[in-house]
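Visitor: Got a predicted model here, sequence first, then my questions.
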Amino acid sequence: MISSGRVIRFLFLFIISPVADLLANSEVLFYSPSENLMEQNRRYFEKQVSERRSYISLDGRYDLYDGDTRKLIGQINIPTIYFNKHPFVFRRALNVSGRDSLHYILHLERVTGRILIRLNGDTLYEGSRNFLPYQIPVPWNLLDSGETLLEITVFPWKIGGDMFPHWMPVNLPRINNGIGGHIFLEQIPSCYIDNLRIDTPDFSGGISLTGEVVVRRSERKNREL
């Protein structure tokens, strides 16, 4: 992904007193691509996709909400990152008309922080991948044949607990929160290969192929995927 961008400023209010008797203005800088750069990234992304695979890009304009007050702040382009320890909600409508018989995996390339993902108010995923990409199977009946509301809540990254990475970059000056990579839906068949592993040990000049194939089946909501 092309990684230049601009700074977008939003002004929001948050409570800093338990009794709500003191309010303070705080400015948060969101580093987000411009419209022109978003279009360049979209074309670049499409070139990387195999003709045999079908993707729906979910990059672009999202409504931005305060994660505590649930008040609308404005709109912002995703990918976006920010250096602020405050929860934010990113929300947009998806048009999946005519796709009710299809199956999907939701991909998030890079998210810093713990996330909560909802589709039409139903929880799809909650947790943290420790800076690694997400591949989340979507129950086939969770996407409506019409407008679907996608909501991603990003809670700030914390040092410690299950959010502490298994590795720590030595040259990382600071950790920004937010959604810093592409978001997209991948269309899949009802039965699909979830994982493929092939080992090729060399024994006396010969190659022996061993490994495993994990096959999954798309299920309805509230059933194990």
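Guide: Done, it's in. Residues are numbered from 1 along each chain as shown.
Visitor: so how far is P156 from the closest residue in space to I183 that isn't next to it in sequence?
Guide: The shortest distance from I183 to any residue other than its chain neighbours is 4.1 Å, reached at L58 (C-beta to C-beta, 6 or more residues apart in numbering). The C-beta positions use only the backbone N, C-alpha and C, and glycine is treated the same way. Relative to P156, L58 is positioned 22 Å away (C-beta to C-beta, to the nearest Å).
Visitor: what's the burial count for the residue nearest to I183?
Guide: L58 is flanked by 18 other residues according to other C-beta atoms under 10 Å.
Visitor: what about P137, distance to Y192?
Guide: Distance from P137 to Y192, by C-beta to C-beta: 9 Å.
Visitor: and what of I115?
Guide: 23 Å.
Visitor: These two - which one has more neighbours?
Guide: I115 (20 against 15).
Visitor: Can you tell me who that one pairs with across the strands?
Guide: Per DSSP bridges, the residues bridged to I115 are G127, V154.
Visitor: Quick check: it touching E151?
Guide: No - counting by C-beta atoms under 8 Å, I115 sits too far from E151 to count as a contact (10.5 Å).
Visitor: Quickly note the distance from the residue nearest to I183 to L94.
Guide: Distance from L58 to L94, by C-beta to C-beta: 7 Å.
Visitor: any common contacting residues for the two?
Guide: Common contacts of L58 and L94 (C-beta atoms under 8 Å, 6 or more residues apart in numbering): L150.
Visitor: Relative to the helix or strand hosting H107, what are the paired strands and their orientations?
Guide: In the assignment (DSSP states H and E), H107 maps to strand 103-108. Sheet pairing for strand 103-108, assigned by DSSP bridges, gives strand 134-138 (antiparallel), strand 183-188 (antiparallel).
Visitor: Give me the contact list for that strand.
Guide: 56, 115, 117, 124-125, 133-138, 140, 143, 179, 181-190, 192, 218.
Visitor: If any of those residues are buried, give me the PyMOL selection for them.
Guide: Those of those that count as buried under 16 or more other C-beta atoms under 10 Å are selected in PyMOL with:
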select buried, resi 115+117+124+125+134+137+138+140+143+179+181+182+183+184+185+186+188+218
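Visitor: Helices along the protein, start to end?
Guide: 35-48 (DSSP state H).
Visitor: Would you agree Y55 is in contact with I183?
Guide: No - contact criterion C-beta under 8 Å: Y55 and I183 do not qualify, at 10.6 Å.
Visitor: For stretch 119-135, which residues meet the burial criterion?
Guide: Going by 16+ other C-beta under 10 Å, stretch 119-135 has these buried residues: 119, 124-125, 128-129, 131, 134.
Visitor: TSV for these, including pLDDT and distance to Y31?
Guide: Below are the buried residues of stretch 119-135 laid out as TSV (pLDDT from 0 to 100; distance: C-beta to C-beta, whole Å):
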residue	pLDDT	distance to Y31
L119	91	27
L124	93	26
Y125	93	25
S128	86	21
R129	80	21
F131	74	17
Y134	91	21
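Visitor: F83: which of these is nearest?
Guide: F83 lies nearest to F131 out of the buried residues of stretch 119-135, by C-beta to C-beta, at 15.4 Å.
Visitor: List the buried residues of stretch 86-97.
Guide: For stretch 86-97, the neighbour count (16+ other C-beta under 10 Å) marks 86-92, 94, 96 as buried.
Visitor: Now, those that are in strands?
Guide: Judged by DSSP state E, the subset of the buried residues of stretch 86-97 located in strands is 88-92, 94.
Visitor: any idea how far G67 lies from R114?
Guide: For G67 relative to R114 (C-beta to C-beta), the value is 11 Å.
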